[in-house]
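Participant: curious how this folds, go ahead:
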Amino acid sequence: MDRRQIVERHQPELNKWDPVSPFSVGNGEFAFSADITGLQTFPDQYEVPLGTQSNWGWHYTGGPGRFTWRDAAYQSYDTYGRPVGYA
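Facilitator: Next up, the predicted model:
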C-alpha cells in the first residue's frame, strides 16, 4: 500500500467560508468538523456545532449497555426544513 499516494489522492480544499457548513471529514467510524483554520479554533463563527464523533466512543466506553440514547443531550437544528437532533 502506497500511503503517500492515498493521502495525496484525497486533499480536500476549503474555498469559501460558510457559517452553516463546516469542513467535515470522516470514514464511517470517526468524523471531525473543522473551521477555516483546519481545527476547531473558532466554533462561535458557525451556526452549527463543530464536533468530533466516533463509533468507538459510544460503543466501547464502560462496557455494553452502560449508555443509551437517553444519555445524550440532543440539540435540534433545522436541516432543509426538518428538525435533526445532534448529540
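Participant: what's the single longest helix in the chain?
Facilitator: What stands out as the longest helix in the chain, according to DSSP state H, is helix 3-9.
Participant: buried ones in whichever helix or strand comes after it?
Facilitator: Once the chain leaves helix 3-9, the next helix or strand it forms, by DSSP states H and E, is strand 23-26. Within strand 23-26, the residues that count as buried by 16 or more other Cβ atoms under 10 Å are Phe23. For glycine as for every other residue, the C-beta is placed from the backbone atoms N, C-alpha and C.
Participant: dump the C-alpha coordinates for strand 23-26 into PDB.
Facilitator: Presented in PDB, the C-alpha positions along strand 23-26 are these (Å, rounded to 0.1, in the frame of the first residue of the first chain):
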ATOM      1  CA  PHE A  23     -15.500  21.400   6.800                       C
ATOM      2  CA  SER A  24     -16.100  17.700   7.800                       C
ATOM      3  CA  VAL A  25     -14.100  14.600   7.100                       C
ATOM      4  CA  GLY A  26     -14.800  11.000   8.200                       C
END
